[in-house]
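Participant: just the structure for this:
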Amino acid sequence: MAKKRVLIVDDEPGIRFGLRDYLETKGFEVEESGAVREALDKFQSFHPDVVVADYLLEDGNALDMLAQIKATAPDAPVVILTAHGSIDLAVRAIKEGAEHFLTKPVELPALLVIMQRIFENTRNRQKQLARMTKQAREETDPFLGTSAAIRQLAEHATRVLATDSAVLIQGETGTGKGVLARWLHNKGPRSDEAFVDLNCAGLSREFLDTELFGHEKGAFTSAVASKQGLLEVAHRGTVFLDEIGDVDIQVQPKLLKVLEEKRFRRLGAVRDLAVDIRLIAATHQDLAALVREKKFRSDLYFRISTIPLLAPSLCERPEDIPILADHLLQTLAADLGRGQISLTPEAYKSLQSYRWPGNIRELKNVLERALLLSDRDVLGPSDLHFDINADAGPLVESSDMTLLEFEQRLIQRVITEERGHVDQAARRLAIPKSSLYQKIKKYGIVVSRN
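Facilitator: Residues are numbered from 1 along each chain as shown. Coordinates of the predicted model:
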């Protein structure tokens, strides 16, 4: 667990030394300052959990400093000390946002008790906020359906709820990996803490660095202020990294250090910060293949794949499509202010015969489009406008179909879905483009670009 940080502000070096020595023996990380301006700079870079400040300072007083701190960090706790205390000054300090007001000489055990009470109140406020946010957000069930594939996922996910080990969720785009990650957090022991997510797809090394680990003021040209990274924000909670296969190879060792040592360093900093997180990662890519291609570190791969979960595609669970469609349809209808909406039996068949390359996300889009374009309370096949080849039927219509017929139909389907781009179709079919052209000629397939 990371140490609590205390900023001591006093113009007497002897008092600063005494407070620092005592607090460090109690396990705190301490910085000190003798003036208001210096203290404000250190507040921005050090991010203390509490400020302990003398009232009279070299270039101002603690109330002036308190106002500037509260302007940027309203919840920052400040304890004010003074050798010349008065009831009026104490009342004014509390009204302006000070947590406590103590007269010198300070009894150190009493100060410690006050600080511990402040930390406890802060933690309670954070937990209450997290609880309220969680209750306000409608939880989505990632296991809607009755198929063997989704029941197996539910069983495996339930087994790993209590562990803090990293989880790797694999599956095609749109299969609900993010929904599953949030379910794991909400149902686990860290549910009262932060859930921080980042989609790593296409992000540059520099952006990933500063987003994950943060930076100090002046670390690079545009770093005009210090910034907390997402790892620091998620302390004691969960970090969800979607599309982790896209994480830059130079960032991967830093992420590995967080998982193995529970420490990291902000960009431009000289000191490590301790952090306690649970990592949930997701990808639609074959990470093992990326390891073989030297695009993903093997040590990081083994570290994050301790607990693998596979989110099945809709093609693997066609029997679940009516259940999912009904749920999504009613949720969308409620959001749009519509009443009860239903689908005809023919509409269900149409949904089940489509291949759903975009999985649940595409299913939701198709149903939302149907609701927006139709005023009817019962939707049929004509209301369902698929993104790609909406009229396509199933690949296999009967067991009497020959292998050549199946190949012809598959090639025609993929070329149509790729809108006539033969190079893209060849990549999907995993064959050379020259071979695909030969098969197109063999089967007399018409290729039209649209």
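
Participant: helix or strand right after whichever strand or helix holds Arg123?
Facilitator: Assessed by DSSP states H and E, Arg123 sits inside helix 108-136. Following helix 108-136 in sequence order, the next helix or strand is helix 148-159 (DSSP H and E).

Participant: got a list of contacts for that following helix?
Facilitator: When contacts are defined by C-beta atoms under 8 Å, 6 or more residues apart in numbering, helix 148-159 is touched by residues 142-145, 180, 183-184, 309-312, 316-317, 320. For the C-beta atoms, the positions are set from N, CA and C on the backbone; glycine is no exception.

Participant: quick one: the helices in the stretch 251-400 of the chain?
Facilitator: Here the stretch 251-400 of the chain has its helices, by DSSP state H, counting those that start in this stretch, at 252-261, 287-292, 298-304, 321-335, 345-353, 359-373.

Participant: mean neighbour count, mean pLDDT and distance to Leu23 added to those helices, as TSV?
Facilitator: Below are these laid out as TSV (neighbours: other C-beta atoms under 10 Å; pLDDT from 0 to 100; distance: least, C-beta to C-beta, whole Å):
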stretch	mean neighbour count	mean pLDDT	distance to Leu23
helix 252-261	16	94	25
helix 287-292	15	94	45
helix 298-304	17	96	35
helix 321-335	17	91	52
helix 345-353	16	92	64
helix 359-373	18	91	51
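
Participant: those: which one's closest to Gly176?
Facilitator: In terms of C-beta to C-beta, the element of the helices of the stretch 251-400 of the chain nearest to Gly176 is helix 359-373, at 5.2 Å.

Participant: one step back: out of the helices of the stretch 251-400 of the chain, which comes closest to Thr25?
Facilitator: Of those, nearest to Thr25 by C-beta to C-beta is helix 252-261, at 24.7 Å.

Participant: for the closest one, packing partners?
Facilitator: Packing contacts for helix 252-261, counted by 3 or more C-beta pairs under 8 Å, 6 or more residues apart in numbering; DSSP states H and E, involve helix 205-213, strand 263-264, helix 298-304.

Participant: need these in a markdown table with distance to Leu332, can you?
Facilitator: Shown next, in a markdown table, are those (distance: least, C-beta to C-beta, whole Å):
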| stretch | distance to Leu332 |
| --- | --- |
| helix 205-213 | 32 |
| strand 263-264 | 41 |
| helix 298-304 | 34 |
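
Participant: what's the closest of these to Leu324?
Facilitator: Closest to Leu324 of the helices and strands packed on helix 252-261, according to C-beta to C-beta: helix 298-304, at 28.4 Å.

Participant: dump the closest one to CSV, keeping only the CA atoms.
Facilitator: Output of helix 298-304 as CSV, limited to C-alpha atoms (Å, rounded to 0.1, in the frame of the first residue of the first chain):
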residue,chain,number,x,y,z
SER,A,298,6.5,-12.8,-23.8
ASP,A,299,7.0,-12.0,-20.1
LEU,A,300,4.2,-9.5,-20.1
TYR,A,301,2.0,-11.9,-22.1
PHE,A,302,2.5,-14.7,-19.5
ARG,A,303,1.9,-12.2,-16.7
ILE,A,304,-1.4,-10.9,-18.0
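
Participant: what's it in contact with?
Facilitator: Helix 298-304 has contacts (C-beta under 8 Å, 6+ apart) with 166, 168, 244, 252-253, 255-256, 259-260, 279, 281, 287-288, 290-291.

Participant: and for stretch 364-374?
Facilitator: Contacts of stretch 364-374 (C-beta under 8 Å, 6+ apart): 325, 328-329, 332-333, 336, 338, 341, 351, 358, 379, 383-387.

Participant: contacts only, for the residue of the chain most remote from its centre.
Facilitator: Most distant residue from the mean C-alpha position of the chain: His84, 49.3 Å away (C-alpha atoms, centre = their mean). Listed by C-beta under 8 Å, 6+ apart, the contact partners of His84 are Tyr55, Leu56.

Participant: host element of it?
Facilitator: According to DSSP H and E, His84 maps onto no helix or strand at all.

Participant: for Trp183, same thing?
Facilitator: helix 177-187.

Participant: same check, this time on Glu31
Facilitator: Secondary structure from DSSP H and E places Glu31 in strand 29-33.

Participant: for the helix holding Trp183, packing partners?
Facilitator: Judged by 3+ C-beta pairs under 8 Å, 6+ apart, helix 177-187 is in contact with helix 148-159, strand 167-170, strand 195-199, strand 238-242, strand 278-283.
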